[in-house]
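*Asks:* The sequence and its predicted three-dimensional model are supplied below.
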Amino acid sequence: MFKTVLMIEKALSDADVELVTTLHGEEKVSFVVLMQPRGRQDELLRALDDVALGHLDKAVHEHDGEAADSPTLASESLAHSLRHLQRAGAEASGEVVQDSPLDRLREVVEQHRADEVLVLTSPHFVEEFFHRDWASQARHKVGVPVLKLFARDS
């Protein structure tokens with residue numbers, strides 16, 4: 001069985017589940033999902049990403065969705081994602097990560113002897129340009145391959 005640590009920032013869509021569960025063909029996959037909502041700490045970077053993508057309205061109204069990153073919503077999104085993966089035939093467990101997501105990622109990779117890390121996020125062009133995105137940083141922290149995928153809508 002292939003062991004994958006999946007790092008996400010929002011609930012998985014149908015398209016996301018199909019993508020991550022079919023990456024290894026017919027081989028069974030076990031997922032440990034780390035849900036780390038973006039929070040307010042990088043609001044400026046998200047606004048710059050929205051501008052770069054041409055989503056000016058979203059950049060202007062980013063602060064309107066403050067409750068979207070609440071711990072309750074993060075837990076619900078994680079539970080939804082785990083059910084979705086399990087319905088697709090994969091083993092899945094997970095947790096919401098509040099602080100130090102990359103340190104927790106390293107611990108989970110070691111604890112579960114993971115074969116790989118998948119980082120599934122929306123595009124974050126500013127962070128990617130400066131190699132401050134999760135995938136770029138994780139490549140220096142974990143001893144397994146790290147693949148960055150972009151989250152999609154169903």
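*Replies:* Perfect, I can see it now.

*Asks:* When you work out contacts or count neighbours from here on, use the C-alpha atoms and nothing else.
*Replies:* Noted.

*Asks:* Can you give me every residue that contacts the residue lying closest to V142 once chain neighbours are set aside?
*Replies:* Of all residues not flanking V142 in the chain, R106 sits nearest, at 5.4 Å (C-alpha to C-alpha, 6 or more residues apart in numbering). Going by C-alpha atoms under 8 Å, 6 or more residues apart in numbering, R106 touches 138, 141-142.

*Asks:* Now render those as TSV, adding pLDDT, distance to M1 and secondary structure.
*Replies:* As requested, these are arranged in TSV below (pLDDT from 0 to 100; distance: C-alpha to C-alpha, whole Å; DSSP: H, G, I helix; E, B strand; the rest coil):
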residue	pLDDT	distance to M1	secondary structure
A138	83	23	helix
K141	80	23	coil
V142	85	20	coil
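
*Asks:* which stretches of this structure form strands?
*Replies:* According to DSSP state E, the chain carries its strands in the segments 2-8, 29-35, 91-96, 116-121, 146-150.

*Asks:* and those strands as a markdown table, adding distance to S81?
*Replies:* As requested, the strands of the chain are exported to a markdown table (distance: least, C-alpha to C-alpha, whole Å):
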| stretch | distance to S81 |
| --- | --- |
| strand 2-8 | 9 |
| strand 29-35 | 8 |
| strand 91-96 | 9 |
| strand 116-121 | 12 |
| strand 146-150 | 16 |
